[in-house]
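1. Got a predicted structure here, sequence first:
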Amino acid sequence: MKSDSLSMRCAFSIIMLVQISNSIIIGYPGTGGPEIWISLLISAVIVTPLMVLYARLVHLMPGKDLYEMMQFAFGKWGKCIFSIFYAFYFLTLSGMVRGTYAEFVHLTSLYQTSFIIICLAFFAVCVHLAMKGAGVLGRWCFIMLILAISSIALLCLLSTDNFRLNNLRPLNQQGFGGILYNALCFVPLPLAESVVFLGVAEKLEKSVNPYKLFIFSSIASVLFFVALFLQNCSVLSWETLSAMYFPSYKAASVMYIGNIGTRIESIMSFIFIMSGISKVSIALTAGTKAVQHIFSLKDHKPLLLTVGFFSVALSATLFVDIIEMFDFMRYYLIYALPFQILIPFLLWIAAEVKMKKRHIKTCAYWKTEQENSCSAKTVRT
């Protein structure tokens, strides 16, 4: 295995962390209610065709990243145009996630530290991690995913004394329409954000099945969210959760383990922050590679520092406080749809047509060669 390639477990970890990292601290989009876990399960069904679409792109064009796929399907100029769009999307995603975590750190720990200073600290770590390449990033994500899952499992076990199952009722507070609306909101934020993985898909090992990769990682993310929501809601109740900006952090803060220790939320928040760094790094890598393809450069790594500073500037301008942050995320649900659904769908159609034409030409070529060979044998006879 090459050091910069992505195995199944590393690629799985990247996709799952991209899907869970932001929502693990801010909660879920939509109007919500005690039945939100049902919406999460429905969203797993809704997002499956989209995951199959992403997997089909990787299967059709193995060894290519998103931008090489677009060059194959749309040509050089089409690739440049769509790369400009994706550069803005991935850098917006990077800035949004970095800003979210910087706001989280600012409000929960370093409330006297400037927001921009916290963003720059995140920037330094993310650029360093992105510089190391996809292989190192994949292994980092694998470790962070294990820690994130272990921390939530530990949180659930230690919170059993505080569980109030009555907090999970009523199950049909908003009706089926509300449940379906919430399920649809979970698609762009966060499940379909796995489109960012296509930016490093060329590093995927040939032995990896892309269909299993995308589908299983999405199912695992949904199950993770269901467990997290049931734990948070049974401890705090939905009314308390909906009033909190960082529900998972609050649920951890109410835990008390006798004489063993308190302030477990500090450990949890550290793990959440490390997971968020993974998502920012992969989004920054994908956005920088878009800039690389726009200007037809050989390598994206020399651009990471410059593009990273632009992403930090986005973090400071997208929203100025936590209220604006949640307002922006409502617009993001619409803003992200063309990049997550429309353009990949067009790319898939164009790639299928190109592959079919190439197959027809190949068949015609071999048929002509066979006819010429038969004619030559007849003449000799």
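-> Structure's in. What do you need?
2. Every contact and neighbour count from this point should use C-alpha atoms.
-> OK.
3. so where is this structure shaky, pLDDT-wise?
-> Residue ranges of the chain with pLDDT under 70: 1-3, 29-32, 170-173, 255-264, 359, 361-381.
4. cutoff 50 now
-> Judged by pLDDT under 50, the chain has its weakly predicted residues at 1, 259.
5. the strands in it, which residues?
-> If DSSP state E is used as the criterion, the chain turns out to lack strands entirely.
6. Do I have it right that residue 186 meets residue 27?
-> No. Residue 186 is beyond contact range of residue 27, at 10.7 Å (criterion: C-alpha atoms under 8 Å).
7. quick one, which of these two is more surrounded?
-> With other C-alpha atoms under 10 Å as the criterion, residue 186 and residue 27 differ in neighbour count, and residue 186 comes out ahead with 24 against 21.
8. and the more buried one, how far is that from residue 28?
-> 7 Å (C-alpha to C-alpha, to the nearest Å).
9. Likewise for residue 248?
-> Using C-alpha to C-alpha, one obtains 11 Å as the distance from residue 248 to residue 28.
10. more neighbours, those two?
-> Regarding residue 248 and residue 28, a neighbour count based on other C-alpha under 10 Å identifies residue 248 as having more, with 27 against 21.
11. Please report the distance of the closest residue to the more buried one other than its chain neighbours from residue 288.
-> With C-alpha to C-alpha, 6 or more residues apart in numbering as the criterion, residue 248 has its nearest non-adjacent residue at 5.7 Å, and that residue is residue 25. Separation of residue 25 from residue 288 (C-alpha to C-alpha) stands at 26 Å.
12. These two: who's more crowded?
-> Higher neighbour count among residue 25 and residue 288: residue 288, with 28 against 21, using other C-alpha under 10 Å.
13. how near is that one to residue 87?
-> With distances taken as C-alpha to C-alpha, residue 288 is found 7 Å from residue 87.
14. before we move on, what about residue 286?
-> Residue 286 sits 8 Å away from residue 87 when distances are taken as C-alpha to C-alpha.
15. what about these two, which has more around it?
-> Applying other C-alpha under 10 Å to residue 286 and residue 87 shows that residue 286 carries more neighbours, namely 29 against 23.
16. Could you verify my assumption that the more buried one touches residue 92?
-> No. The pair residue 286 and residue 92 does not pass the contact test of C-alpha under 8 Å, sitting 11.5 Å apart.
17. Other residues contacting stretch 188-202?
-> Applying C-alpha atoms under 8 Å, 6 or more residues apart in numbering, the external contacts of stretch 188-202 come out as 14-16, 18-20, 22-23, 29, 47, 50-51, 54, 58, 62-67, 90, 134, 218, 221, 282-283, 285-287, 289, 333-334, 336-337, 340.
18. Check the spacing between the residue nearest to residue 248 and residue 83 real quick.
-> 30 Å.
19. What about residue 301, how many residues nearby?
-> By the criterion of other C-alpha under 10 Å, residue 301 has 18 neighbours.
20. what's near enough to touch residue 103?
-> Contacts of residue 103 were listed using C-alpha under 8 Å, 6+ apart, and they are 115, 321-322.
21. same thing with residue 102?
-> With contact taken as C-alpha under 8 Å, 6+ apart, residue 102 is in contact with 115, 118-119, 122.
22. Kindly indicate the member of those residues with the most neighbours.
-> The residue in the contacts of residue 102 with the most neighbours, by other C-alpha under 10 Å, is residue 119 (24 neighbours).
23. got the contact list for residue 106?
-> So, once contact is read as C-alpha under 8 Å, 6+ apart, residue 106 ends up touching 112-115, 118.
24. Serialize the contacts of residue 103 to TSV and add fields for distance to residue 126.
-> Compiled in TSV, the contacts of residue 103 are given as follows (distance: C-alpha to C-alpha, whole Å):
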residue	distance to residue 126
115	17
321	22
322	22
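25. nearest to residue 151, of these?
-> Set against residue 151, the nearest of the contacts of residue 103 by C-alpha to C-alpha is residue 322 (25.3 Å).
26. distance of that closest one from residue 165?
-> When C-alpha to C-alpha is applied, the distance between residue 322 and residue 165 equals 30 Å.
27. try residue 309
-> According to C-alpha to C-alpha, residue 309 and residue 165 sit 47 Å apart.
28. Please say which of those two ends up with more neighbours.
-> Between residue 309 and residue 165, counted using other C-alpha under 10 Å, the more crowded position is residue 309 (16 against 13).
29. who's in contact with the closest residue to that one other than its chain neighbours?
-> Residue nearest to residue 309 in three dimensions, not counting chain neighbours: residue 123, with 7.7 Å by C-alpha to C-alpha, 6+ apart. In this structure, residue 123 makes contact with 308-309, 312, judged by C-alpha under 8 Å, 6+ apart.
30. Take these and keep only those in helices.
-> When helices are assigned by DSSP state H, the members of the contacts of residue 123 inside them are 308-309, 312.
31. Return the closest of these with respect to residue 268.
-> Of all those, residue 312 has the smallest distance to residue 268: 24.8 Å, by C-alpha to C-alpha.
32. I figured that closest one was touching residue 96, is that so?
-> No. Contact status for residue 312 versus residue 96: not in contact, 9.4 Å apart, counting by C-alpha under 8 Å.
33. between these two, who's got more neighbours?
-> Per other C-alpha under 10 Å, whichever of residue 312 and residue 96 has more neighbours is residue 96, with 26 against 22.
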